[in-house]
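could you work out the structure for the sequence below:
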Amino acid sequence: MIAAAMEVCRATVAKSGIRPEQVAAVGFSTQRSVTVPVYKDGSKVRLALSWQDSRTGAEVADMLKLIDAEEYYQISGMPMGTTCNITKMLWMRKNEPELYKKTHKFVQLQDAVLFAFGADEFYTDMGDMAFYGIWDVGKLEWSQKLCNLFDVAPELFGKPTAAGRQVAAVTASVADNGIGIPGEHLGKIFDKFYQAGERVSSDTGGTGLGLSIAKEIVELHGGRIWAESQKGLGANFTFTLPLK
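Numbers count the residues shown, from 1 in each chain. Predicted structure coming up:
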């Protein structure tokens, strides 16, 4: 799934005619809610549970014994049905107890993809929080009443995050096995017209502008670029771009 998401990103950029360096940030969203039980490292505990999976009818019946459907709707903004993440979680707790115990978090699909792309936490866009089924849409916070009724903790779900917030950076590197760059020059190679300590002359190749242009492009998109090298051991250039 993650590899497919990355390939789609590459294909989309290629077909759009936009140069990769013009991409300022990458974001992900999905149709409705898919529940992904994950380990702490982001790997899946089991196959994801789609909002279309209607096996959770018994869990909905159990929820209705604890709270009236209208009151539930007033709090969560969601109809009492099988689509919400909470029903998938309760189904796992009843039918797959061993897997349930191993689960670090029950997150939404886009949260798992963001984590795989480099986010340091499982972040859920505020606009998707209602899909968990225990979010108070009026107060924009976890509903303590619903959490208590269903015996679940907010820590088991994604972290509420404002839309458009940067949550990680995409990193790319390129390396060579050339002559390398002496340490005293590493801090200057991104300066305009700088060539390994010497100004541009008529008998040298290039103009000394390539790295300075690359730096300007990366920084315009909120990223950063740097080089690591030792003389005689080649060089490694790395840049990051924000992930939202």
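
all contacts plus neighbour counts: C-alpha atoms, from now on.
OK.

next SSE after the helix or strand bottoming out on mean pLDDT in the chain?
One helix or strand of the chain scores below all others by mean pLDDT, DSSP states H and E: strand 198-199, with a mean of 44. Remark: after strand 198-199, the chain's next helix or strand is helix 210-220, criterion DSSP states H and E.

in that next one, what's buried?
For helix 210-220, burial by neighbour count (16 or more other C-alpha atoms under 10 Å) applies to L211, S212, A214, K215, I217, V218, E219.

export those residues to JSON lines and tack on distance to T82 and pLDDT?
Shown next, in JSON lines, are those (distance: C-alpha to C-alpha, whole Å; pLDDT from 0 to 100):
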{"residue": "L211", "distance to T82": "54", "pLDDT": "85"}
{"residue": "S212", "distance to T82": "55", "pLDDT": "85"}
{"residue": "A214", "distance to T82": "50", "pLDDT": "86"}
{"residue": "K215", "distance to T82": "50", "pLDDT": "86"}
{"residue": "I217", "distance to T82": "47", "pLDDT": "85"}
{"residue": "V218", "distance to T82": "45", "pLDDT": "82"}
{"residue": "E219", "distance to T82": "46", "pLDDT": "84"}
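
with distance to S50 added, can I get these in JSON lines?
Below are the buried residues of helix 210-220 laid out as JSON lines (distance: C-alpha to C-alpha, whole Å):
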{"residue": "L211", "distance to S50": "46"}
{"residue": "S212", "distance to S50": "47"}
{"residue": "A214", "distance to S50": "42"}
{"residue": "K215", "distance to S50": "43"}
{"residue": "I217", "distance to S50": "40"}
{"residue": "V218", "distance to S50": "38"}
{"residue": "E219", "distance to S50": "39"}
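
what sits against the nearest residue to F190 once chain neighbours are set aside?
Leaving aside its chain neighbours, F190 sits nearest to S212 (4.6 Å; criterion: C-alpha to C-alpha, 6 or more residues apart in numbering). S212 sits next to I189, F190, D191, K192 when contact means C-alpha atoms under 8 Å, 6 or more residues apart in numbering.

let's see 10 Å
Counting by C-alpha atoms under 10 Å, 6 or more residues apart in numbering, S212 makes contact with K188, I189, F190, D191, K192, F193, Y194.
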